[in-house]
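**Q** Give me a 3D structure for the following:
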Amino acid sequence: MLRLLVLFVFCLVSVNAYASTVRVLTSTYPLYLITKNVIGNVKNIKLELLTPANGGCPHDYSLSSKDMMRVAKADVLIVNGLGLEAHIGLNKLSSKARVIDTSMGVKDRILLHKTQIVKDLHGKFNPHLFVSPRLNGEIAIEIARHLSYDKNQSRQFMQNAMAYAKQMQKLNAEFVAVTQGLKHKSVIQSHGVFDYLFADMGIEIKAKMQDQGREPSAAKIRFLINLINTEHIVAIFSEPQYPQKVAILLSKETGVPTAVLDPVVSGPLDANLDYFATQMRKNLQIIKRILIK
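**A** Here you go, the predicted structure:
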């Protein structure tokens, strides 16, 4: 009788634990999209986004009191790492949530890139891993590895992540194929958001127009114009989250084409699972149009 009672209590606790909703909070929109793919159709997971879906890179975002309450209630907190959360003050908050730093399992593989691409002048890693489809897929696997301690859930998460990573590998191959055989592929970009994508493609970034969203000075613009005219720059790429006027000015002064690429740092909260891939393939067509002449 006692054995049956213990078994009943164990089963009741197991069912209740399984039925309870796990609140998963992601710090940025790219991580929200990736985690959405990892979770798939798994039940009892409530996925939320901390920063605004349409806010772009959170370099200038500050957490509200409502944001802090959501952090306090989260069971799992998924972060970019590499210092990105320091911009919004998330690293200073205390929380009971289990934290998944998505850069931890990917960081060693980042070092395969050129040193000047990976780190800035202060020796800090560039946090924009997610724009590279290759690294985007690796982040999914890192999330799946730590998201659940339930064996059935973990197995499903990993299956979803592996399928997603395979899609990202295919997308990466499409980008890499564009620049094969191109003699000139040096560009200028808005800020460091495309570093990993361009490194995968073999595109050399000669300069950035902005640092953390700050408008360049007149001296910086003169420097960029001279650089474009002397270094065989073939394209000037900007982002929809930043003003286009500097890129347009540089293009008019030098004759080098400019275009807007979307790093998918923002978008609809109810986006389909293939939203990142769809937007990136639009970028791919733009890059083809400008680089292949």
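**Q** Apart from its chain neighbours, what residue comes closest to M201?
**A** Spatial nearest neighbour of M201, excluding adjacent residues (C-beta to C-beta, 6 or more residues apart in numbering): T179 at 4.8 Å. Backbone N, C-alpha and C define where each C-beta goes, glycine included.
**Q** ok, now K208?
**A** Using C-beta to C-beta, 6+ apart, the closest residue to K208 is H191 (5.3 Å).
**Q** for the stretch 1-150 of the chain, what spans make up the strands?
**A** For the stretch 1-150 of the chain, the strands defined by DSSP state E, counting those that start in this stretch occupy 22-26, 45-49, 76-79, 98-101.
**Q** Let's have those strands in CSV, adding distance to F157, mean pLDDT and mean neighbour count.
**A** Formatted as CSV, those follow (distance: least, C-beta to C-beta, whole Å; pLDDT from 0 to 100; neighbours: other C-beta atoms under 10 Å):
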stretch, distance to F157, mean pLDDT, mean neighbour count
strand 22-26, 11, 95, 22
strand 45-49, 9, 95, 16
strand 76-79, 12, 93, 23
strand 98-101, 12, 92, 18
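**Q** Redo these as a markdown table? Include distance to L90.
**A** Below are these laid out as a markdown table (distance: least, C-beta to C-beta, whole Å):
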| stretch | distance to L90 |
| --- | --- |
| strand 22-26 | 10 |
| strand 45-49 | 13 |
| strand 76-79 | 7 |
| strand 98-101 | 10 |
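**Q** quick check: longest helix of the protein.
**A** Among the segments of the chain that qualify as a helix by DSSP state H, the longest is helix 151-178.
**Q** what is the orientation angle of that helix with strand 45-49?
**A** Interaxial angle, helix 151-178 versus strand 45-49 (axes from the mean of the first three to the mean of the last three C-alpha atoms, to 10 degrees): 40 degrees.
**Q** what's the model's confidence in helix 151-178, averaged?
**A** For helix 151-178, mean pLDDT is 96.
**Q** What's the first helix or strand after it?
**A** strand 186-189 (DSSP states H and E).
**Q** Could you tell me how far that next one lies from the centre of the chain?
**A** In terms of C-alpha atoms, centre = their mean, to the nearest Å, the centre of strand 186-189 is set 20 Å apart from its chain centre.
**Q** cool, and stretch 47-65?
**A** Distance of stretch 47-65 from its chain centroid, counting by C-alpha atoms, centre = their mean, is 13 Å.
**Q** and if you look at stretch 148-157?
**A** Relative to its chain's centre, stretch 148-157 lies at 24 Å (C-alpha atoms, centre = their mean).
**Q** Pull out the buried residues from that stretch.
**A** Residues of stretch 148-157 classed as buried: S148, D150, Q153, Q156, F157 (neighbour count, 16 or more other C-beta atoms under 10 Å).
**Q** quick revisit: what's the angle between the longest helix of the chain and strand 22-26?
**A** Interaxial angle of helix 151-178 relative to strand 22-26 (the same axes, to 10 degrees): 20 degrees.
**Q** Helix 151-178 packs against which elements?
**A** helix 29-39, helix 133-147, helix 195-201, helix 275-291 (3 or more C-beta pairs under 8 Å, 6 or more residues apart in numbering; DSSP states H and E).
**Q** Thanks a lot, see you next time.
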